[in-house]
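# Model the structure of this input:
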Amino acid sequence: MDISLTTPALLFPAVSLILLAYTNRFLALAALTRSLHERWGETHDPKIPPQIESLRYRVRLIRRMQTLGVSAILLCVVAMFCLFVNWPRAGAWVFGASLITLSLSLTVSLHEIQLSGRALDMQLADMEAPDKSQRVE
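From the prediction side, this is the model:
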């Protein structure tokens, strides 16, 4: 398979948008963590520490996602350099490594999204629980 210098360059816009999405997720978790920390200081609600632990795990996942995403784009740059200096075989292998790294980043992202969905489901269940006990049948 022959790849040109522009083939790895095609990933730049996609990876840049993915990294922006990861950063937005990180910022949202940071704001939520600060909010929970403030609530913990006021109420010492026993439900907060498990939520904070879950957020800590999700922040670690986001850092991994970002690291893998940045690695993917760096590998794309290396692949482009290899192709530029006319090392097509090395360029193809490095580009393949970039695709694998990007795939790993997206897989970690999928896992984090599933955790986020479960956390929202738990919040919604907490909000629904009092309604069920107050219903008069």
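# packing partners for the helix or strand bottoming out on mean pLDDT in the chain?
Scoring the helices and strands of the chain by mean pLDDT, DSSP states H and E places helix 6-9 at the bottom, with a mean of 82. Applying 3 or more Cβ pairs under 8 Å, 6 or more residues apart in numbering; DSSP states H and E, we find helix 6-9 packed against helix 48-84, helix 88-134. Every residue, glycine included, has its C-beta placed from N, CA and C.
# and the direction of the longest one versus that of helix 48-84, what angle?
Just to be clear, that refers to helix 88-134. 160 degrees (axes from the mean of the first three to the mean of the last three Cα atoms, to 10 degrees).
# distance between helix 88-134 and the chain's centre?
Distance of helix 88-134 from the chain centroid (Cα atoms, centre = their mean, to the nearest Å) equals 6 Å.
# just to revisit the earlier point, and the least confident helix or strand of the chain, what's buried?
By 16 or more other Cβ atoms under 10 Å, the buried positions in helix 6-9 come out as 7-8.
# After that helix, which helix or strand is next? Please name it.
Downstream of helix 6-9, the next assigned helix or strand under DSSP states H and E is helix 11-43.
# and that next one, which residues are buried?
Across helix 11-43, burial judged by 16+ other Cβ under 10 Å covers 11, 15, 18-19, 22, 25-26, 29, 33, 36, 40.
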